[in-house]
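1. this is a predicted model, with the sequence first.
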Amino acid sequence: MKRLGLEMISAFGLPPVDYVRLAAELGCAHVSLAVSGAGINPHGYAAYDLRLDAPLRRALQAELAASGVAVSMAEGFTVRPDTEMAGRTAEFDLFAELGARRINLVSLEPDWARTCDQFGVIAEMAAARGMGLTMEFAPGLTVHNLPLAMEMVRQIGRDDVHILIDTMHLYRSGGTAADVAALPPGWVDYVQISDVPLVSSYENYMQEAMTDRKRPGEGELPLADILAAVPRDCPVSMEIPLLAEAKAGIGPYDRLWPAAEAVRALLANLNDERERVL
């Protein structure tokens with residue numbers, strides 16, 4: 001199913017060639033990718049940095065070509081105070097070389113005007129390399145809900161700037177599937193899918209988001225309604241970090257295969273419903 005993808009956080013630092021191979025084994029058509037695997041790493045995978053390792057970049061390109069898996073989104077770009085996104089041109093060139101289709105961007109810059117300015121800079125840098133810009137909103141970020149994401153799109157005023165819908169962030173920030181369905185056509189171009197309870201038991205939002213999301217059907221989100229509200233060709237990528245299972249020794253394939261099957265079932269049911277309507 002060409003819409004199904006895999007997000008890096010789900011694999012907890014798995015080296016990039018193995019990560020792409022895992023995606024192919026799970027039946028995914030695309031992956032998100034960052035230049036390094038820094039972050040949570042319960043399996044103790046070797047560290048890497050694509051910026052510094054030309055042989056690894058070549059091996060990754062070969063695996064992408066052999067597997068048919070595409071890089072749907074480049075990760076790891078955050079607007080912060082006192083940093084200029086224009087200084088990251090080498091990373092943009094790297095992702096363009098790997099065929100990335102879009103750059104994902106978030107902001108921790110409290111100044112709204114500067115956030116808007118930096119988003120515009122990134123959009124221009126991405127467009128110059130044949131990529132689009134997708135912005136992600138989440139509680140705790142400068143763009144912390146869907147209405148603010150909509151306002152940012154309006155202020156940037158470019159057709160190649162879109163909104164990413166993360167199913168957890170959408171509902172935990174007060175949004176609904178109906179809100180997504182009401183967006184102008186073409187504004188959403190990516191979905192990160194996971195399930196969670198409607199009300200969190202965590203005091204730290206990002207701890208839950210980074211380590212303890214659930215497979216579709218294991219939480220309480222109306223995932224079918226969300227998927228019905230986005231464009232039919234919109235990528236749907238699994239962002240389902242299961243740290244407790246990883247620490248228990250369960251490998252990434254065994255953790256994620258049931259999730260992939262659950263997402264496939266959701267998409268198949270959605271297609272069946274649309275065919276019945278037509």
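-> Yep, that arrived.
2. please count neighbours and contacts with C-alpha atoms only from this point.
-> Fine.
3. can you get me a residue count around the nearest residue to Pro241 once chain neighbours are set aside?
-> Nearest non-adjacent residue to Pro241, counting by CA to CA, 6 or more residues apart in numbering: Ser10, 4.3 Å away. Ser10: 21 surrounding residues under other CA atoms under 10 Å.
4. looking at this, Ser10 is in a helix?
-> Yes - judged by DSSP: H, G, I helix; E, B strand; the rest coil, Ser10 forms part of a helix.
5. and the helices in this structure?
-> 16-25, 54-67, 89-97, 112-127, 146-156, 167-172, 177-181, 205-211, 223-229, 243-247, 252-277 (DSSP state H).
6. thought the residue nearest to Pro241 was touching Ile240?
-> Yes - Ser10 is within contact range of Ile240, at 5.1 Å (criterion: CA atoms under 8 Å).
7. my guess is Ala259 meets Arg213, correct?
-> No - the criterion here is CA under 8 Å, and Ala259 misses it with Arg213 at 11.0 Å.
8. output the below-cut-off pLDDT ranges for the chain.
-> By pLDDT under 70, the low-scoring segments of the chain are 1, 272-278.
9. switch the cut-off to 90
-> By pLDDT under 90, the weakly predicted segments of the chain are 1-2, 37-39, 82-88, 270-278.
10. next, count neighbours for Ala90.
-> 11.
11. where's it relative to Ala138, distance?
-> Remark: distance between Ala90 and Ala138 (CA to CA, to the nearest Å) = 27 Å.
12. how about Tyr48?
-> Noted for Tyr48: a distance of 28 Å to Ala138, by CA to CA.
13. tell me the contacts of the residue nearest to Pro241?
-> Contacts for Ser10 were tallied using CA atoms under 8 Å, 6 or more residues apart in numbering; they are Met238, Glu239, Ile240, Pro241, Leu242, Pro252, Leu256.
14. go on, Pro258?
-> Counting by CA under 8 Å, 6+ apart, Pro258 makes contact with Arg215.
15. distance of it relative to Met238?
-> 11 Å.
16. just Tyr202 next, same as before
-> Per CA to CA, Tyr202 is found 21 Å from Met238.
17. what of Arg213?
-> Counting by CA to CA - Arg213 and Met238 are separated by 10 Å.
18. Phe77 now?
-> In terms of CA to CA, Phe77 sits 19 Å off from Met238.
19. how about Ile165?
-> Distance, Ile165 to Met238, using CA to CA: 12 Å.
20. who's more crowded, Arg213 and Met238?
-> Neighbours were counted for Arg213 and for Met238 using other CA under 10 Å; Met238 has more, 27 against 23.
21. tell me the bridge partners for the more buried one.
-> For Met238, the residues forming beta bridges with it (DSSP bridges) are Leu6, Ile193.
22. that one and Ser194 touch, don't they?
-> Yes - taking CA under 8 Å as the definition, Met238 is a contact partner of Ser194 at 6.4 Å.
23. perfect, that will be all.
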